[in-house]
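**Q** predicted model, plus sequence, below.
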Amino acid sequence: MSGGHFDYQQFPIEGIAAEIEYLVGSNSSRGGRNYPDDIIEKFAEAAIFLRKTAAMVQQIDWLVSGDDGPGKFRERWAEEMPENDQ
């Protein structure tokens with residue numbers, strides 16, 4: 001699948017999520033920023049939302065780029081984001 005409708009901007013979103021996850025994991029280590037736990041929980045929550053957002057953009061990208069049809073879009077969406085399928 002090629003996609004490309006959004007110029008592959010979902011991949012930088014994934015990169016931001018990875019960087020936030022790194023901040024979470026290194027928070028209390030030597031050289032970490034030592035943010036309070038409640039803030040680190042928000043960082044972790046943001047990383048989850050960013051990864052989900054990137055996945056959503058990917059699904060839409062494949063549909064509008066013609067790589068997937070509506071049926072495949074629905075199938076992939078239900079597999080990857082079942083709690084959002086209403």
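**A** The structure has been received and is ready for your questions.

**Q** ok, which stretches of the chain are helices?
**A** Assigned by DSSP state H, the helices in the chain fall at 10-26, 37-64, 70-80.

**Q** which one of the ones you listed lies closest to Gly4?
**A** Gly4 lies closest to helix 37-64 among the helices of the chain, at 7.1 Å (CB to CB). Backbone N, C-alpha and C define where each C-beta goes, glycine included.

**Q** buried residues, that closest one. List them.
**A** Neighbour-count burial for helix 37-64 flags 40, 43, 47, 50-52, 54-63 (criterion: 16 or more other CB atoms under 10 Å).

**Q** can you give me every residue that contacts the residue nearest the centre of the chain?
**A** Compute the mean C-alpha point of the chain, and by CA atoms, centre = their mean the closest residue is Arg51, 1.4 Å away. By CB atoms under 8 Å, 6 or more residues apart in numbering, the contact set of Arg51 is Glu14, Ala17.

**Q** distance of it relative to Ser29?
**A** 23 Å (CB to CB, to the nearest Å).
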